[in-house]
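> The following block contains a protein sequence and its predicted model.
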Amino acid sequence: MAKLKRLLAPRFWKIRKKHRVWTVSPRPGPHKKFESIPLQIILRNILKITDSGSEARTIIKKGEILVDGKVRKDHAYPAGLFDVITIPKISKNYRVVPSSAGLTLIEISDKESKLKICKIQNKVKYRGDRTQLNLHDGKNILVDKDEYNTGDSLVIELPSLKILNHLRLEKGMLGVITSGKNEGELGELKEIILGKFKNPTKIVCNISGKETEVLKDHFFVVGKDKPIIKLSE
């Protein structure tokens, strides 16, 4: 089992740092190591469905946990931003969302569990004049008509990955800040400042009546007048 020293684990995992030396390490996957939560940690430390890691591993190996509508049997599978965790046996659904304390889980309805917002990280031309959209969570979607830009968001149906809505990165759109001192805050996009040379592109957004600059990479479009999905309890 891949291990990680507890002292290195993110605070949002909610584990006791000095209880033991080691904890489970996220498996390499769709999300970065310290921007994700292993399923074992979710069940034991965050949702407190189990009292021990071994009990959590047993539940996971039985195929009782779904991520984005697909069964995941790896206790170290990394759940990350906007992933949907479903536990059919207890009829519960949760979404991983950003907050001031880092990633957290909120309970959502069955209807919401069929929806996910994904950010377009990049895109590449595919054979037959099709375009492959590469999303923030490792998913890929092929489209016939290329009307999408990096930084835009897609509302997709789970688990089919059917595109239900296209949210453009443009003035007036609402986004959630996914990293930094404003993590978890909602802001209205006012201006895009294009980067030059080594300077990254930035977003000027209105957060609680105050104009703030954030990196484009940290601004995630979630709607127009209000978020399309539930982002907080």
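Yep, that arrived.
> can you give me the helices in this protein?
For the chain, the helices defined by DSSP state H cover 39-41, 53-61.
> Now tell me what touches the first one from outside.
Contacts of helix 39-41 from elsewhere in the structure, counted by Cβ atoms under 8 Å, 6 or more residues apart in numbering, are 13-15, 23-24, 53, 56-57, 60, 65, 67, 72, 74-77, 79, 85. (C-beta placed from N, C-alpha, C; glycine too.)
> Cross those residues against strands and list the overlap.
In this view, the contacts of helix 39-41 that belong to strands under DSSP state E are T23, V24, V67, A79, I85.
> Make TSV from those and add distance to R168, pLDDT and neighbour count to it.
Output for the ones in strands among the contacts of helix 39-41, formatted as TSV (distance: Cβ to Cβ, whole Å; pLDDT from 0 to 100; neighbours: other Cβ atoms under 10 Å):
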residue	distance to R168	pLDDT	neighbour count
T23	40	88	23
V24	39	91	22
V67	27	98	24
A79	27	97	29
I85	28	98	25
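> re the thing from before, most tightly surrounded among the helices of the chain?
Sort the helices of the chain by mean neighbour count, taking mean count of other Cβ atoms under 10 Å, and helix 39-41 sits at the top with a mean of 26.
> quick one: that helix to chain centroid distance?
Here the centre of mass of C-alpha atoms in helix 39-41, compared against the chain's by Cα atoms, centre = their mean, to the nearest Å, lies 16 Å away.
> again with stretch 55-74
The chain centre lies 18 Å from the centre of stretch 55-74; the measure is Cα atoms, centre = their mean.
> and that stretch, how far apart are its ends?
In stretch 55-74, first residue to last residue: 13 Å (Cα to Cα, to the nearest Å).
> Now tell me what touches that stretch from outside.
For stretch 55-74, the external contacting residues (Cβ under 8 Å, 6+ apart) are 27, 39-40, 43-44, 49-50, 75, 77, 79, 83-89, 113-114, 116, 137, 158-159.
> and Q121, which of the helices of the chain is closest to it?
helix 39-41 (23.4 Å; Cβ to Cβ).
> Just the mean pLDDT for that closest one, thanks.
Averaged across helix 39-41, the pLDDT comes to 96.
> check contacts around R130.
Contact partners of R130, counting by Cβ under 8 Å, 6+ apart, are L142, V143, D144.
> Among these, which one has the most neighbours?
V143 (15 neighbours; other Cβ atoms under 10 Å).
> I'd assumed T131 was in contact with that residue.
Yes: using Cβ atoms under 8 Å, V143 is in contact with T131, at 5.3 Å.
> hey, which helix or strand in this structure has the poorest pLDDT?
None of the helices or strands of the chain scores lower by mean pLDDT, DSSP states H and E than strand 3-5, at a mean of 84.
> helices or strands next to that one in the packing?
strand 22-24 (3 or more Cβ pairs under 8 Å, 6 or more residues apart in numbering; DSSP states H and E).
> got the ones in strands among the contacts of helix 39-41 as CSV, with distance to I203 columns?
Output for those, formatted as CSV (distance: Cβ to Cβ, whole Å):
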residue, distance to I203
T23, 35
V24, 35
V67, 29
A79, 26
I85, 29
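> and which of the residues you listed is nearest G102?
For those, the minimum distance to G102 (Cβ to Cβ) is 13.2 Å, reached by A79.
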